Structure formats: structure tokens, C-alpha cells
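**Q** model this:
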Amino acid sequence: MIALGAGGRLLPLLLLIISCAKKSDLPEWVIHFKPKRGEICGVGIAGIHMKGFAYQRATAIARAVDEIARQKGVTVNTQVEYFMKGTTAGSEAYLSVYSVQTTEGQTIRAVLKEAYHDREKGTFYVLMCEEK
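**A** Predicted coordinates:
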């Protein structure tokens, strides 16, 4: 049993706190995707890329295809390399993301079903499903 406090002021305060809670602005497929029967899909997520939006989108797509490959039992090895070099004149940073897929004769054909760019956080999401 909840005590309402002095004069019942606790209940309105509790309702105010609950109503102010921010709901996620992410599409439902990002959080709780339920594929159709027999459908194999993957969600790829990528943060801001130093080479721009095209690379960010490509990274998200590659990650979604990697997820589809894993579900099919295909060996997936994704590696991220980050290295810096510097001189007295300045420094440079490099980030390289690549995916090597061993398909054992299988071809993974996936289509882009959904995409969402969270402009506030800079994150890009894609939903890829295997093409039947």
C-alpha cells in the first residue's frame, strides 16, 4: 500500500514524474523487430563517421549484413583498426572498419527495408532483410 503523504500530495507528484519520462524516439523495428516467419533480418547501427554520412551509412549496412550472416551460420570476422601518427606539425587519426565473410558457397543477398537517422545523437540505423 502506498502512503499518500501529507494531504495526498505524493500521488500527484508521482503522476507528474511518470508523465515527464521521455519515451524513445527510435522506430519500433530498431528496438523490438519481429521478422515474418522464415525471414532473416539484421539491424545495423553506426555512429558518426569521420569520413562523412556515406561511410556511416555503409558501416550500418555492413553490420546488418554481418548480423544476417551470423544467423545463417556463416563465419563472420569484423575488425576495426584505429591508428594515429603524429609529427611536430600535427597529427592524423585513421579508423578502418571492414568485414570479411566466409560464405562457403552461400551468397547473402539483402535488401534495405528501413533506415532511420537520429539527428540528435548522430546515429544511423538500418534494417536489412535477406532477399527471397
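**Q** going by C-alpha atoms from here, please, whenever you check contacts or count neighbours.
**A** OK.
**Q** residue ranges with poor pLDDT in this structure?
**A** 1-24, 75-105 (pLDDT under 70).
**Q** remind me, longest helix of it?
**A** helix 53-71 (DSSP state H).
**Q** so which bits of that one are buried?
**A** 56-69 (16 or more other Cα atoms under 10 Å).
**Q** among those residues, which two are most distant?
**A** Spatially, the most separated pair among the buried residues of helix 53-71 is Gln56 and Ala69, at 20.1 Å (Cα to Cα).
**Q** same for the longest helix of the chain, what does it pack against?
**A** strand 41-46, strand 75-87, strand 90-102, strand 123-130 (3 or more Cα pairs under 8 Å, 6 or more residues apart in numbering; DSSP states H and E).
**Q** just want the angle from the last one to strand 41-46.
**A** The one in question is strand 123-130. 160 degrees (axes from the mean of the first three to the mean of the last three Cα atoms, to 10 degrees).
**Q** what are the contacting residues of strand 123-130?
**A** With contact meaning Cα atoms under 8 Å, 6 or more residues apart in numbering, strand 123-130 is reached by 29-30, 39-48, 56-57, 60-61, 64-65, 68, 108-118.
**Q** and Ala115, backbone torsions?
**A** phi -150, psi 150 (degrees, to the nearest 10).
**Q** is it bridged to anything, and to what?
**A** Note on Ala115: beta-bridge partners by DSSP bridges are Val126.
**Q** how many neighbours does it have?
**A** Counted with other Cα atoms under 10 Å, the neighbours of Ala115 add up to 19.
**Q** offset the numbering so it begins at 734, please.
**A** From this message on, residue numbering opens at 734, which makes the last subject Ala848.
**Q** and it, what is it in contact with?
**A** Contacts of Ala848 by Cα under 8 Å, 6+ apart are Phe857, Tyr858, Val859, Leu860.
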